[in-house]
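K.L.:
Whatever this is, show me its structure:
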Amino acid sequence: MARIYLDHAATTTVRPEVVEAMAPFLGGGHNASSLHAEGRAARAAVDAARETVARIVGAVPREIVFTGGGTEADVLAVVGAARAQASRGRHIVTTAVEHHAVLRAADLLEREGWRVTRLPVDLRGLVDPDAFAAALTPETSIASVILANNEIGVVEPVAQLAALARARRVVFHTDAVQAAGWLPLDVDALGVDLLSLSAHKFYGPKGVGALYVRTGTPVEPLIVGGGQEHGLRAGTENVAGIVGFATALALAEAERPATAARVEALRDRLEAGILAAIPGVVVNGAGAPRLPGILSVAFAGAPSDALLIRLDLDGIAASAGSACAAGSLEPSHVIAALGLGEDYRGGVIRFSLGRATTGAEVEEVLNRLPPVLAAIRTPSTV
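P.N.:
As a prediction, the model looks like this:
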């Protein structure tokens, strides 16, 4: 029985073209800070990668800082910008549905004396712009709102929120890790000052990310040392990873319109099939703009851990939500923020489709899911 991978929101496989681009830099003396021929070749590769990423997001190369992943980019943005503006005020605004990297960064600042406002979302998972505007104060130094939620796929009104922040001269960060490859990432159209990315979400290598830092945005480095990455992220550059990041992002952006449309149609087919065949189902984020590849559904009376195990045994890889919270038996903070009823809260499954997902796989999931669900559900719950 062929396995079906529907956990692309957790991670993707590295594309062969990306591996090929990285291969020349996986061995040898490729330190981009060295002056010899090997070092100059590494520097040229990093510079070319930076130019590629900048072009795709509408920035200039100096505004791109390569990091060790999306988490580091998020923490550098939130903590670095807050600390750099401590004299302005010690208040930050974020939401209840952010990735753990942003939430933990906010927790860290709170322990250091910052006041943190964590905005709720409505039943669809959307932040209210009026509530966001009301939360901004003269002491607010930074606001951080995720562009597209990694658990339920809801796309927040970031451009509108960033405009509100800019009018109050508040630095605005968005975690665009899950959005890359699915949504346009033009930083001027979004109006953001800081934007985080991670290569392994768009068929690049793990362990490399990037942070866009708009010129003039105050950010204090978290990792100090040799002064690499414009002084914002010290340490010898991961040349192969950076090359892989840029290659993967360029491929994802070139294919984005066609891939997004095709995958969205498959997601809609999967959603419609589940709703037609299975009673007692809630689609998380229904009624809100969503990423094409994410379908989060809550099944009444079906514990997600038991359902995931049965699905895995039946050849389907899915998740209960963020891979960062795997192993927890409690509903995630995102699901808790939606206010789902108790019968549904513990039965959330995230199916996340990718560029290689096929219609045949979707139909096979629709065939396999109902009997799996029936085997673990109690009749009284539906």
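K.L.:
so what's Ala73 scoring on pLDDT?
P.N.:
What the model reports for Ala73 is a pLDDT of 98.
K.L.:
Helix, strand, or coil at it?
P.N.:
State at Ala73, reduced to three classes by DSSP: H, G, I helix; E, B strand; the rest coil: helix.
K.L.:
Is it in contact with Thr67, as I believe?
P.N.:
Yes: using C-beta atoms under 8 Å, Ala73 makes contact with Thr67 at a distance of 4.6 Å. From N, CA and C alone the C-beta is placed, and that goes for glycine too.
K.L.:
so what sits against both of these two?
P.N.:
Listed as contacting both Ala73 and Thr67 by C-beta atoms under 8 Å, 6 or more residues apart in numbering are Gly209, Ala210, Leu211.
K.L.:
Looking at the residues you listed, state which has the most neighbours.
P.N.:
Counting neighbours by other C-beta atoms under 10 Å, Ala210 comes out on top of the shared contacts of Ala73 and Thr67 with 30 neighbours.
K.L.:
for Thr11, phi and psi?
P.N.:
The phi/psi pair for Thr11 (degrees, to the nearest 10) reads phi -170, psi 160.
K.L.:
Likewise for the one 3 residues further on?
P.N.:
The phi/psi pair for Val14 (degrees, to the nearest 10) reads phi -80, psi 130.
K.L.:
distance of it from Phe202?
P.N.:
10 Å (C-beta to C-beta, to the nearest Å).
K.L.:
Contacts only, for Ala106.
P.N.:
Val78, Ile92, Thr94, Glu98, Trp114, Val116, Arg118, Ser144.
K.L.:
and with 6 Å instead?
P.N.:
Neighbouring residues of Ala106 by C-beta atoms under 6 Å, 6 or more residues apart in numbering: Thr94, Val116.
K.L.:
Quick one: mean pLDDT for the biggest helix by length in the chain?
P.N.:
Secondary structure of the chain per DSSP state H: the longest helix is helix 239-277. For helix 239-277, mean pLDDT rounds to 98.
K.L.:
how about that helix: buried residues?
P.N.:
Of all the residues in helix 239-277, those buried under the rule 16 or more other C-beta atoms under 10 Å are 239-253, 256, 259-260, 262-264, 266-267, 270-271, 273-274.
K.L.:
ok, now stretch 206-223?
P.N.:
For stretch 206-223, a neighbour-count test (16+ other C-beta under 10 Å) marks 206-214, 217-219, 221-223 as buried.
K.L.:
Over to stretch 21-39?
P.N.:
Those buried within stretch 21-39 under the rule 16+ other C-beta under 10 Å are Ala21, Met22, Phe25, His30, Ala32, Gly39.
K.L.:
Stretch 53-63 now?
P.N.:
Across stretch 53-63, burial judged by 16+ other C-beta under 10 Å covers Val53, Ala54, Arg55, Ile56, Val57, Ala59, Glu63.
K.L.:
Do a quick rundown of the helices in the stretch 151-300 of the chain.
P.N.:
For the stretch 151-300 of the chain, the helices defined by DSSP state H, counting those that start in this stretch cover 158-167, 187-190, 239-277.
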